[in-house]
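Novice: Please find the sequence and the predicted model below.
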Amino acid sequence: VCSSDLQSGAVASTLQRALDIAAPTSDVLFTLTDWYEQRGEYAEALRSCQEVIRLEPQSHRAYSMLGSIHMKRGEYGKGLDILQHAVDIGATSSSVYNNLGIAYTKKGEAGKGIEYLKRAVEQSPQFIDAWYNLAVAQQMHGQLKKAELAYLRLLELDNNYKAARMRLAARSQEHTSELQ
C-alpha cells in the first residue's frame, strides 16, 4: 500500500479484512497505524501500534510511532517516556529526536530539548520543522542569538515559513523599541 492510498477509506477496510482473515503482520499493522494517525484517529492508531509492540517487543520503530501518537494527543510526559525508550533500544531517526526535543521543551527542560533538536537538524539538515522547534526552544531558553540564527537557517530552506517570519519580525521589533 502506498501512502497516497492511505487517504482512501477503502484501505482501512481492506486492511481490516486482511487482519480478520489471517494473523496480523507487523507491516499491515504499521500501515494501519499510519492510516489512523493521518486521519487523526489516535485511539485506533494506539491500539494497532500496541499490537505491533505485542508482536515485536523490541521494535524501536513501533515505540517511536507510539510516542509520536501520544505527543499528538497532547500526552507529552507519556510520549517522552516512550520515545526515550525507543532511543534506548536503538531508534536514531531525526523525527524521534525532534519529538523528544519538543517533549522535553514542553516539560520545561528546554536545555535537554535543545540537545535532541540539535541532533535532529544535524542528522537531517533539511528538516524544516526541527529547525523551527530548535529556534523556539532556544528562544525559550534565552539563547536569543542562536534562535535567530536557527530561524534564518529555516528561512533559507523555506522562505515562506510564516511562523518563523513572524517570530523574527517580533524579535526585530524588540530590538527597534530598545533604541533611544
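Specialist: Happy to help now that I have it.

Novice: For the rest of this, base every contact and every neighbour count on C-alpha atoms.
Specialist: Fine.

Novice: Please report the distance of the nearest residue to Tyr76 once chain neighbours are set aside from Leu155.
Specialist: Among residues not flanking Tyr76 along the chain, Ala103 sits closest, at 5.4 Å (CA to CA, 6 or more residues apart in numbering). Distance of Ala103 to Leu155, computed by CA to CA, to the nearest Å: 24 Å.

Novice: What of Ser95?
Specialist: Ser95 is 20 Å from Leu155, by CA to CA.

Novice: cool, Ser48 as well?
Specialist: For Ser48, the distance to Leu155 - CA to CA - is 37 Å.

Novice: do the same with Glu109
Specialist: In terms of CA to CA, Glu109 sits 26 Å off from Leu155.

Novice: Give me the more crowded residue out of those two.
Specialist: Under the criterion of other CA atoms under 10 Å, the comparison of Glu109 against Leu155 puts Leu155 first, with 18 against 15.

Novice: tell me which element the more buried one falls in.
Specialist: helix 144-157 (DSSP states H and E).

Novice: That helix: what's the following helix or strand?
Specialist: Next along from helix 144-157, by DSSP H and E: helix 162-177.

Novice: Quick one: list the elements packing against the helix or strand the residue nearest to Tyr76 falls within.
Specialist: If you go by DSSP H and E, Ala103 is part of helix 94-106. Contacts defined by 3 or more CA pairs under 8 Å, 6 or more residues apart in numbering; DSSP states H and E place helix 94-106 against helix 60-72, helix 76-88, helix 110-123, helix 128-140.

Novice: at 7 Å instead, please
Specialist: Packing contacts for helix 94-106, counted by 3 or more CA pairs under 7 Å, 6 or more residues apart in numbering; DSSP states H and E, involve helix 76-88, helix 110-123, helix 128-140.

Novice: quick check: angle from that helix to helix 60-72?
Specialist: Calculated by axes from the mean of the first three to the mean of the last three CA atoms, to 10 degrees, helix 94-106 forms an angle of 40 degrees with helix 60-72.

Novice: buried ones in the helix holding Leu155?
Specialist: Across helix 144-157, burial judged by 16 or more other CA atoms under 10 Å covers Leu144, Ala147, Glu148, Ala150, Tyr151, Leu152, Arg153, Leu154, Leu155.

Novice: The closest residue to the second one other than its chain neighbours: what's it in contact with?
Specialist: Spatial nearest neighbour of Ala147, excluding adjacent residues (CA to CA, 6+ apart): Ala135 at 4.2 Å. Each residue near Ala135 by CA atoms under 7 Å, 6 or more residues apart in numbering is listed here: Ala147, Glu148, Ala150, Tyr151.
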